[in-house]
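[1] How does the following fold in three dimensions:
(2 chains)
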Amino acid sequence: MSARDDIFGNIRRSLGVNGTETIRQQIVTDRLERSPKGVIPKRGQVSGEERIALFKTMVETSLATVTEVASSAEVPQSIALFLRNHNLPASLRMGDDPRLKAMPWSDTTLEIAHGPSEGRDLNAVSHAFGGIAESGTLAMVSSADNPSTLNFLPDNHIIVVSAKDIASDYESVWNRVRFAYGKGSMPRTVNWITGPSRSGDIEQTLLLGAHGPRRLHVIVVCD
Amino acid sequence: MTVHSTSPQFKQNAARALNDDQLQKALGNVKQGFIDKRQMAADKLPEFEALRDSARDIKNHTLEHLDLYLEAYEGKVKASGGHVHFARDATEARDIILSICRETNAKTVTKGKSMISEEIGINHHLEANGLTPVETDLGEYIIQLRNELPSHIIAPAVHLNATQVEADFRRVHTHLDAKRDLSEPVQLLTEARAVLRERFLAADVGITGANFLVAETGTSIIVTNEGNGDLTQILPKTHIVLASIEKLVPTLEDVSQLLRVLARSATGQELSVYTTFSTGPRRSTDADGPENYHVVILDNGRSSMLGTAFEEMLRCIRCGACMNHCPVYHAVGGHAYGWVYPGPMGAVLTPSLIGVDKAGHLPNASTFCGRCESVCPVRIPLPKLMRHWREREFERHLTPATVRSGLQLWGFFAKRPALYRFATRAAMGALALAGRQRGRFAWLPMAKGWTKYRDFPAPQGETFQQRWKRERKGARA
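    A predicted model of the protein is given here:
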């Protein structure tokens, strides 16, 4: 008997079932189709400016920094300022995201590179799929537009998120993922990012910049 | 065969741990940090207790329908271009992983933190077959350098102090300047980051565990603060996920409930820094990510826990709160437990996985204070389950003869209430009389095991039953 058959056989023997019970199958199919929500904390259930304010507070709680710009045209200048304020080189890597590409980078002196990171970049910018106000989390989906390596390899990661994409809770983001990719399908990688990389493994002391970015900076675009 | 266990020597291990000054100093960090942080996180979320109920119910529901959710999950992984392998035990899991590594001509393998990988002893197996496994979680990296097992399920190197880590780095990183300053923890972190960055970029295969597997989408989920798990899985050509059968949850909504209690219970964070959902290999539209995606699903004794009292243990989401709050863990640390899983969850799980004949000491190493159950995010009744193990141990005549005869003697009196009352009254009276001067005993016949380490407080002369009677009478009057 194969290991698979053996394991399924043992699970079913232990549960006292044979796997063909219609009621059990219906229960499972139903749950997978309906994906019922559980307990949703009230904290995130606010809208408009209140939600953006909560998101920004929670981003800061996660030890990231956050700024707001009125339109996407202001993003390049805002990034240039951030890099200058931290004495960082004026270089930046990004993917092929059309929203990022359409921004007026020539207004700045930033040296722009495109494509995934090979581990030697200091700074990168990505565009988030969405944000979650409840916990100050950024939801990133993998693609050539926003390669996953940019989320982890650079020392300083800047994430641009549209204010209209900031949801109250995780469940709202899953609804958008289902709408974009189809029910039951997912992009290869979804990263929820809540703050810069850290470790407490040495004497339980919190240190930033373990393997991922040492700094995380979030730019909320309010257009 | 799983990794070697020293659980049968728990008593010796514990005695050694109590006399280990470095360990005792390091364990102070557990007592201080974790408890307050968890409490603060719980207090900040009014729905925390309701979420714990929800988390428990989701896990119970999944376990009751585990065969069907596992089938659904397997179908979804295959549909997204991934491979699913089933392993009955550690040997099968090791062989599957080795053969995947060989197919890709791998030389180095990076690893995200995975307790299951400790359970099957994969590092040793890969090394024995000419591959180089590299742990990338900072704590796991440190203990790999020391050839140790993790002493905590989320803080593997919690038993060490910075000076010990510094000594290990100097011993192993011999390519670096011997005169470099490593006196600050941040310098140790920076050094590990630089050394491991090269390892990440060179790796052929990345192995991660999974905090959860989602049946709805065929997704595996890892939760980290460092980002090491992500670099482990997106940089190499092949990503292997090693997970046990009970990691299944039905939907993305369900996992979102569990994630709300996981980090809060573990480190007191709202959410860990990186929560990563991986589904299949990279797509044609992806610019990076692994070309091959394999999931190895391990049973290793878990399917036999279903339908028994120990099924509840399969709800465990490995947050570590039970050990963070355990006075026994605080006193002896994780290594004394002698196998992969320490603390209260280890005391229940280890006998299930390696046998109560080997791990019988662990469920006995409890004061039954109940703190573990009171903080468990999925409400596992850990003290009750430890008591079940004690009963089984007794039924199978594994309990030592002195304990058995002691219990039998107690049983004799307990079944004869009049005799019990008379005997306890006599004994308490005598002890109170004998101890009235000092109020405690430094030595008592047949109680050397107690008095060797601490004094035995002298009773005040009244038994519990006498006092109960007296106070009830007083209350009525």
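
[2] Quick one: the helices in chain A, in order.
    Ranges of helices in chain A, per DSSP state H, are A:3-15, A:22-34, A:48-61, A:75-85, A:98-101, A:149-152, A:170-181.

[3] Looking at chain A, which residue is nearest chain B?
    A:Gly212 (2.7 Å; Cβ to the nearest Cβ). No exception for glycine: its C-beta is placed from N, CA and C like everyone else's.

[4] Could you tell me the end-to-end distance of stretch A:136-152?
    When the termini of stretch A:136-152 are compared using Cα to Cα, to the nearest Å, they are 18 Å apart.

[5] quick one: secondary structure of the residue lying closest to A:Ser143 once chain neighbours are set aside?
    In this structure, A:Ser143 finds its nearest non-sequential neighbour in B:Thr285, 5.3 Å apart by Cβ to Cβ, 6 or more residues apart in numbering or on different chains. Under the three-state scheme (DSSP: H, G, I helix; E, B strand; the rest coil), the conformation of B:Thr285 reads as coil.

[6] pretty sure B:Thr285 is touching A:Asn146, no?
    No. Under the contact definition of Cβ atoms under 8 Å, B:Thr285 does not touch A:Asn146, with a separation of 11.1 Å.

[7] Between those two, point out the one with more neighbours.
    Neighbours around B:Thr285 and A:Asn146, counted as other Cβ atoms under 10 Å in any protein chain shown, are more numerous at A:Asn146. The numbers are 27 against 11.

[8] My guess is that one contacts A:Ala124. True?
    No. Between A:Asn146 and A:Ala124 there is no contact, the gap being 9.7 Å when judged by Cβ under 8 Å.

[9] Report the contact partners of whichever residue of the stretch 101-250 of chain B sits closest to chain A.
    Among the residues of the stretch 101-250 of chain B, B:Gly227 lies closest to chain A, at 2.7 Å counting by Cβ to the nearest Cβ. B:Gly227 is in contact with A:Phe152, A:Ser197, A:Ala210, A:His211, A:Gly212, A:Pro213, B:Val273, B:Tyr274, counting by Cβ atoms under 8 Å, 6 or more residues apart in numbering or on different chains.

[10] quick check: longest helix of chain B.
    Among the elements of chain B assigned as helix by DSSP H, the one spanning the most residues is helix B:21-44.

[11] circling back: name the nearest residue to the residue of the stretch 101-250 of chain B closest to chain A, ignoring sequence neighbours.
    A:Gly212 (2.7 Å).

[12] I'd say the one you found and B:Thr276 touch.
    No. Here A:Gly212 does not reach B:Thr276: they are 11.1 Å apart, not a contact under Cβ under 8 Å.

[13] Find residues that contact each of those two.
    Listed as contacting both A:Gly212 and B:Thr276 by Cβ under 8 Å, 6+ apart are B:Asp230.

[14] count of neighbours near residue 182?
    Unless you meant another one, I'm taking chain A. A total of 9 residues lie near A:Gly182 under the criterion other Cβ under 10 Å.

[15] actually chain B
    By other Cβ under 10 Å, neighbour count at B:Leu182 equals 19.

[16] what residues are up against B:Ala265?
    Careful, residue B:265 is Ser and not Ala. B:Arg38, B:Cys319, B:Gly320, B:Ala321, B:Val375, B:Cys376, B:Pro377.

[17] Which strand or helix spans it?
    With elements taken from DSSP states H and E, the one containing B:Ser265 is helix B:252-266.

[18] Show me what the helix or strand following that helix is in contact with.
    Note on helix B:252-266: by DSSP H and E, the next helix or strand toward the C-terminus is strand B:274-278. The contact list for strand B:274-278 (Cβ under 8 Å, 6+ apart) reads A:137, A:186, A:188-194, A:197, A:212, B:214, B:219-227, B:229-230, B:233, B:239, B:241, B:259, B:293.
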